[in-house]
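In: could you work out the structure for the sequence below:
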Amino acid sequence: MIAVIGEILVDIFKDGEEETVLPGGAPFNVACNIAHFGGEVGFIGSVGTDKYGDMLKIIAESRPFKYVFIKQHEKKATTQAIVTLTNGERNFKFKRDNAVDYVFDIEVLKQVTFPDNTLLHLGSLMLSEKVGQDFAFDVLKLVKECGLKLSFDLNFRTDIFGEMHNWIPLFSKIINEAAIVKFSEEEIIAYTNEKDAESALRTFKNDKQIIIVSLGNNGSMFKYDGHIIKVPTLKVEPVDTTGAGDAFYSFILYALSRKKNWQFTHGELIKILYLANQVGAASTLKKGAIDVVPDINEIKAWGYHE
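Out: Sure thing, here's the model as predicted:
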């Protein structure tokens, strides 16, 4: 089981005078992908009482989640991400005035029954605001009390956070408690102030953690149990990279959640990341971040075995 908590928002794609509005938010993308693979997943998010919030609530409640809690907050706005594409590469600008993507109630989470081996995946954008930080620390307490495994995707947005160095002490409090953490190459270099991803991975000393770095069209790499391993990917001509990182990480969480215990061989992790690289690459061949991943039968045809 995977419990996902974090931002749900609208991605607004600008193409001249035309606008395309699609559901988004990294945690929501991840939850939708996991459900698409057939995984057991629940989602908790917050939206406003505007047309975008109405749309997102309907979409979220129509998804095959085990549970979904979408709180619509009175007189608040749904967060918007304005997305521009240049040669398939995305750029985000967030519209977050009076928004609620970072407002959550820990009492809602306490109503959830967590099966053994539950992974709780926490989004990062809530950490930009005090109310979201307080909630995140309550989540850390709940993770310990319930014996859950914490997943965290740094997903750093300069448009929201500003400079990385200002946030490292806060991020470290979450990252140090996580069983699995995902960075982009740029994020882990900025977070550790190292010269490259491999040097950055060496700064993580907890061998029980799985630290994952996405490398775009160069694949990915991970550190676990004292070893750092790079995993290649297939080369594609991307149409839209908006959901690639979320597609990649969602398959990793799905595959890890199918394991009965939190013990892995390096060979198992290499295979999972190799397939996750393919899932991420395949997602760039369509526009948007949801409903762009292959189904589990296609992934099994690539060699995935549960």
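In: would you check how far apart residue 46 and residue 206 are?
Out: Distance from residue 46 to residue 206, counting by CB to CB, to the nearest Å: 31 Å. To be clear about C-beta, it is placed using only N, CA and C from the backbone, and glycine gets the same treatment.
In: tell me where this protein has strands.
Out: Along the chain, the segments classed as strands by DSSP state E run 2-5, 9-15, 18-24, 41-48, 67-73, 80-86, 89-95, 119-122, 149-153, 180-184, 210-214, 220-224, 227-231.
In: what is the burial count for the residue nearest to residue 246 when sequence neighbours are not counted?
Out: Residue nearest to residue 246 in three dimensions, not counting chain neighbours: residue 29, with 3.9 Å by CB to CB, 6 or more residues apart in numbering. Using other CB atoms under 10 Å, the number of residues around residue 29 comes to 29.
In: about what we covered before: which one of residue 46 and residue 206 is surrounded by more residues?
Out: A count of neighbours by other CB under 10 Å puts residue 46 above the other of residue 46 and residue 206, at 28 against 12.
In: beta partners of that one?
Out: Using DSSP bridges, the bridge partners assigned to residue 46 are residue 71.
In: who does the worst-scoring helix or strand of the chain on mean pLDDT pair up with?
Out: Lowest mean confidence among the helices and strands of the chain (mean pLDDT, DSSP states H and E): strand 89-95, at a mean of 77. Strand 89-95 pairs in its sheet with strand 80-86 (antiparallel), by DSSP bridges.
In: residues contacting the residue nearest to residue 246?
Out: 243, 246-247, 250, 289-290 (CB atoms under 8 Å, 6 or more residues apart in numbering).
In: next step: those residues restricted to helices.
Out: By the criterion of DSSP state H, membership of the contacts of residue 29 in helices covers 246-247, 250.
In: okay, now the unreliable bits of the stretch 201-306 of the chain?
Out: 288 (pLDDT under 70).
In: count of residues packed around the residue nearest to residue 258 when sequence neighbours are not counted?
Out: Excluding the flanking residues, the one nearest residue 258 by CB to CB, 6+ apart is residue 306, at 5.1 Å. The local packing of residue 306 (other CB under 10 Å) involves 9 other residues.
In: residue 260 too?
Out: Here the number of neighbours of residue 260 (other CB under 10 Å) works out to 7.
In: list the contacts for the residue nearest to it when sequence neighbours are not counted?
Out: Nearest-residue entry for residue 260: residue 117, 6.9 Å, with adjacent residues in sequence omitted and distances by CB to CB, 6+ apart. If you count contacts by CB under 8 Å, 6+ apart, residue 117 has them with 1, 149, 257, 259-262.
In: can we see that at 10 Å?
Out: 1, 147-149, 256-262 (CB atoms under 10 Å, 6 or more residues apart in numbering).
In: now the nearest residue to residue 6 once chain neighbours are set aside: how far from residue 44?
Out: Using CB to CB, 6+ apart and skipping residues adjacent in sequence, the residue nearest residue 6 is residue 123, 2.0 Å away. Distance, residue 123 to residue 44, using CB to CB: 10 Å.
In: any idea how many residues pack against residue 5?
Out: For residue 5, the count of nearby residues is 23 (other CB under 10 Å).
In: for it, name its beta-bridge partners.
Out: Taking DSSP bridges as the rule, residue 5 bridges to residue 44, residue 122.
In: ok, it touching residue 68?
Out: No. Counting by CB atoms under 10 Å, residue 5 stays clear of residue 68, with 11.4 Å between them.
In: list the residues that contact both of these two?
Out: 31, 42-45.
In: got TSV for the residues you listed, with pLDDT too?
Out: As requested, the shared contacts of residue 5 and residue 68 are arranged in TSV below (pLDDT from 0 to 100):
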residue	pLDDT
31	97
42	96
43	97
44	97
45	97
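In: let's see if you can find the most crowded of those.
Out: With neighbours taken as other CB under 10 Å, the top of the shared contacts of residue 5 and residue 68 is residue 31, carrying 33 neighbours.
In: isn't it right up against residue 69?
Out: No. Contact criterion CB under 10 Å: residue 31 and residue 69 do not qualify, at 11.8 Å.
In: mutual contacts of those two, please.
Out: Contact with both residue 31 and residue 69 is made by residues 5, 42-45, 60, according to CB under 10 Å, 6+ apart.
In: nearest to residue 78, of the residues you listed?
Out: Using CB to CB, residue 45 comes nearest to residue 78 of those, at 10.2 Å.
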